[in-house]
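below are the sequence and a predicted model; questions follow.
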Amino acid sequence: MSEYYDTFLEESLFEEFDAALYHELCAWGEMSIGDHLEYRVDTHPETTAVTDDDRSLTWRELGERADGLAAALWELGLEEGDRVSLHLPNVVEWHVARLGIFRAGLVTATLMPRYRRKEIEHLVRKEAPRAYIGPVNYRDYDHVETLLDLQSDVDSLEHVIAVGEGVPDGALEFGELVATDSSGFVPGGLGPDYPDRLRHTGGTTGMPKPVYWTSNCRRAWTEPICNQFGITPYDDVLGLAPFPHGISLPLAFTGILLTGATAHITDPGNSPEEYWERINEVEPTVITAAPTQLNKMKDVDGADDYSLESVRLIVFSGEPIPSATADYFEARDTTVVSYYGVTEGGAGFIVHPGETKAVRRSTAGKPMPFVDCKIVGEGGETLGTGEVGELVYSGPNLAFGFYDEPELTREEYQIADGKVWIRTGDAASIDERGNVSLKGRVDDMILRGGQNIFPTNIEDHIADLDAVTEVAVVGMPDPQYGQRACAFVVAERDLTLEDITDLLDERGLAKYKWPERLEHLDEMPKTAANKIDKMALGERIEATLREEGKLD
């Protein structure tokens, strides 16, 4: 038993989860991701497993490279439970590294490609990885040089492994490691109930925080997604969203191990025109993408000239999609669907493709199998049908808490009714059919003169304006009402506040919900998880109001 696992048992909520029950219900299984890899290699060795913008790997090649890396990591002296930071964009090496780290019995700490020195330094100090795997240069940032520079100050970090050309002195070359002879290597791997991954929160309220994940937690929400979306070995899944984001990961990584489908991935930093070209190149049956990516694809000149003939589903998550964007893609004979969850809880809700358009557009769907949910008020009381409060849920898909943050774990996870519940921080309601409607972050709620305003619905309407690429509505301080709504937009022309209020009036929204100020931006501020940073927008408008003398 590793020291890491002992720490996990001490500071997590693992013992509060009914592991035996989840196994009995078959919500959890006996196979780890390493076991699934072995099965695919044994049964379909020459079938394509994954492709990126330049290369492809069969299941046999993926297995051989993963085992080569695992053997190399053993030879470097890494031991069970040691952490390895994985910091790659959407390339086939991500799959190789993730599986190789697992096969060596190590723990993967997956870093978002957008992370830069501030986030990287915070996480490597906190997680104490013994090795790091990252690109020599990605999007004009030298990740490897940053880690080499940090190495002298982080005692645990013994090995910096570089992917790409021009590997600097002091770093190991990834390609040489995966070529290690693994003929004498006996894969260790980790059990399906063992915390084999540290996944990070989006960092919207501070620095990213690592969360414990196991193979079975991931299976508990990936399997329902694959089942409800009808994923089979004959599917080609194109992941446009960045790894390790929760949009692409379930279907383009875990999902292909469970189902045998083929994953196609592409650099999320590409242009929307390049997204279209990749779609026409691989002819996917399923696309996973962030709403922002789909918005940009819709607005490409000549978008109608690209084919969507092969695509039966477009899957999004993370934030609402503008109705105009969903309508555009569905007018081209595909179906736009979503699933919902939080990093600390995994996906817990899903919209079935056969649901009505109204349900697919306006709700996060119903709970997944074995998931319980409720809406709670400020005092923790359970609210009734249609009432708005904080969404909490429980089930076999939950992570086990925050790494090295036991107090935060007890704050964000709550034990009640013999179950562990995760607080989502999202305001929501549940209708009479059990569909969950999200209203926005509880912290994003705008309180205008005693009236609650939830930004999500307003943003959805504003996004329907043709010129709008991105929109965010935030509260701005006001001496008279406490707060008023301010709309930030990225738009292709100069919109006026009247353009927005006329639309909202036409749509029948109560006047108190209308934004009372409009701010144009060239680009929305984003968190490392690529979500709009509303905290930054709130700080920006408050500073602007002070400069204008409208606040004391």
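Perfect, I can see it now. All values derive from a computational prediction rather than experimental measurement.

contacts, neighbours, all on C-alpha from now
Fine.

longest single helix anywhere in this structure?
In the chain, taking DSSP state H as the definition, the longest helix is helix 59-75.

show me what it is packed against.
helix 33-43, strand 48-51, helix 92-103, helix 174-178 (3 or more Cα pairs under 8 Å, 6 or more residues apart in numbering; DSSP states H and E).

out of these, which comes closest to Pro242?
Comparison of these against Pro242 by Cα to Cα identifies helix 92-103 as nearest, at 10.9 Å.

what sits up against the closest one?
Applying Cα atoms under 8 Å, 6 or more residues apart in numbering, the contact partners of helix 92-103 are 33-34, 50-52, 55-57, 62-63, 65-70, 73, 84, 86, 88, 107-108, 133, 163, 187-190, 196, 253, 265.

follow-up on the earlier one: could the helices and strands packed on helix 59-75 go into JSON lines alongside mean neighbour count?
Converted to JSON lines, the helices and strands packed on helix 59-75 look like this (neighbours: other Cα atoms under 10 Å):
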{"stretch": "helix 33-43", "mean neighbour count": "19"}
{"stretch": "strand 48-51", "mean neighbour count": "24"}
{"stretch": "helix 92-103", "mean neighbour count": "25"}
{"stretch": "helix 174-178", "mean neighbour count": "18"}
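
and Val124, backbone torsions?
phi -70, psi -30 (degrees, to the nearest 10).

let me have the helices and strands packed on helix 59-75 in JSON lines, adding mean pLDDT as columns.
Shown next, in JSON lines, are those (pLDDT from 0 to 100):
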{"stretch": "helix 33-43", "mean pLDDT": "96"}
{"stretch": "strand 48-51", "mean pLDDT": "98"}
{"stretch": "helix 92-103", "mean pLDDT": "97"}
{"stretch": "helix 174-178", "mean pLDDT": "97"}
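
sketch out the low-pLDDT regions of this protein for me.
1, 202-206, 528-529 (pLDDT under 70).

give me the domain ranges for it.
3-212, 217-441, 446-547 (automatic domain parsing).

now do the longest helix of the chain against helix 33-43, angle only.
140 degrees (axes from the mean of the first three to the mean of the last three Cα atoms, to 10 degrees).

buried residues in helix 59-75, which are they?
Neighbour-count burial for helix 59-75, with 16 or more other Cα atoms under 10 Å as criterion, is recorded at 59-74.

stretch 492-512 now?
For stretch 492-512, a neighbour-count test (16+ other Cα under 10 Å) marks Leu495, Leu497, Ile500, Thr501, Leu503, Leu504 as buried.

then stretch 207-226?
207-226.

what's the answer for stretch 349-356, then?
Those would be Phe349, Ile350, Val351, His352, Pro353, for stretch 349-356 by 16+ other Cα under 10 Å.

from the chain's centre, how far out does that stretch sit?
Mean-position distance between stretch 349-356 and its chain equals 20 Å (Cα atoms, centre = their mean, to the nearest Å).

does the most centrally placed residue in the chain count as helix, strand or coil?
Nearest to the geometric centre of the chain sits Gly246, at 2.7 Å (Cα atoms, centre = their mean). Three-state secondary structure (criterion: DSSP: H, G, I helix; E, B strand; the rest coil) places Gly246 in coil.

for it, grab phi and psi.
phi -70, psi -10.

show me what the longest helix of the chain is in contact with.
37-38, 40-41, 44-49, 95-97, 99-104, 177-182, 185, 187.

mind jotting down where the helices sit in the stretch 301-450 of the chain?
323-330, 357-362, 406-412 (DSSP state H, counting those that start in this stretch).

out of those, which gets nearest to Glu16?
helix 406-412 (11.6 Å).

run through who's touching the closest one.
By Cα under 8 Å, 6+ apart, helix 406-412 touches Glu11, Ser12, Leu13, Gly401, Phe402, Ile422, Arg423.

and for the second one, the neighbour number?
Spelled out, that is Ser12. 22 (other Cα atoms under 10 Å).

nearest residue to Leu518 other than its sequence neighbours?
Nearest residue to Leu518, sequence neighbours excluded (Cα to Cα, 6 or more residues apart in numbering): Ala487, at 4.9 Å.

got a list of what the one you found touches?
Ala487 touches Val471, Ala472, Val473, Val474, Pro515, Glu516, Arg517, Leu518, Glu519, counting by Cα under 8 Å, 6+ apart.
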